[in-house]
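Participant: Below are the sequence and a predicted model; questions follow.
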Amino acid sequence: MRHFRMKTVFHVSTPEVAERAVSKVENLLADETLEIDTVAVLFDAGRAIATLERDSDIADDVRKLLDWGVEYKACSNAIRSPAVDESNLVAGVETVSSGVGELTRLQTREYAYIRL
């Protein structure tokens, strides 16, 4: 069987999609036909970023995926609307200068783009 090395970024803009992103990332990592280099999950809207807070419903899942090497990224512009306390995010979530800028950087580095 042929294996492909790949990098993937999932784009999350709503809180409803945040939980679904967990299962999509798990499915990707479980696919034995792929050799995964890097998986990133980018949140670009304040309400979605709020799901990355330490006491959220998906916080334990996010911690598990971070432990597996998945990168979680939050747009620093979107954190302000609605206000999310950056210090309350799950440890390991990275803030980036802008969501669109980060998506551009990742796609330039040949990340496959998946909008959820």
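Facilitator: Arrived safely. Residues are numbered from 1 along each chain as shown.
Participant: and the longest helix along the chain, what other elements does it pack with?
Facilitator: Residue-count comparison of every helix in the chain, with assignments taken from DSSP state H, identifies helix 15-30 as the longest. Packed against helix 15-30, as judged by 3 or more Cβ pairs under 8 Å, 6 or more residues apart in numbering; DSSP states H and E, are the following elements: strand 4-12, strand 34-43, helix 46-49, helix 59-67. (Glycine included, C-beta is placed from N, CA and C.)
Participant: Need the ones you listed in a markdown table (columns: distance to Glu102 and mean neighbour count).
Facilitator: Listed next are those as a markdown table, based on distance: least, Cβ to Cβ, whole Å; neighbours: other Cβ atoms under 10 Å:
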| stretch | distance to Glu102 | mean neighbour count |
| --- | --- | --- |
| strand 4-12 | 8 | 18 |
| strand 34-43 | 6 | 20 |
| helix 46-49 | 13 | 22 |
| helix 59-67 | 17 | 16 |
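Participant: Format these as JSON lines; extra columns: distance to Leu103 and mean pLDDT.
Facilitator: Compiled in JSON lines, the helices and strands packed on helix 15-30 are given as follows (distance: least, Cβ to Cβ, whole Å; pLDDT from 0 to 100):
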{"stretch": "strand 4-12", "distance to Leu103": "7", "mean pLDDT": "91"}
{"stretch": "strand 34-43", "distance to Leu103": "6", "mean pLDDT": "94"}
{"stretch": "helix 46-49", "distance to Leu103": "14", "mean pLDDT": "94"}
{"stretch": "helix 59-67", "distance to Leu103": "19", "mean pLDDT": "98"}
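Participant: Ser97: which of these is closest?
Facilitator: Taking Cβ to Cβ as the measure, the helices and strands packed on helix 15-30 were each checked against Ser97, and strand 34-43 came out nearest at 12.1 Å.
Participant: what's the closest one in contact with?
Facilitator: The set of residues that contact strand 34-43 without belonging to it, under Cβ atoms under 8 Å, 6 or more residues apart in numbering, is 3-13, 18, 21, 25, 28-29, 49, 51-52, 65, 69-75, 78, 96, 99, 102-103, 106, 111.
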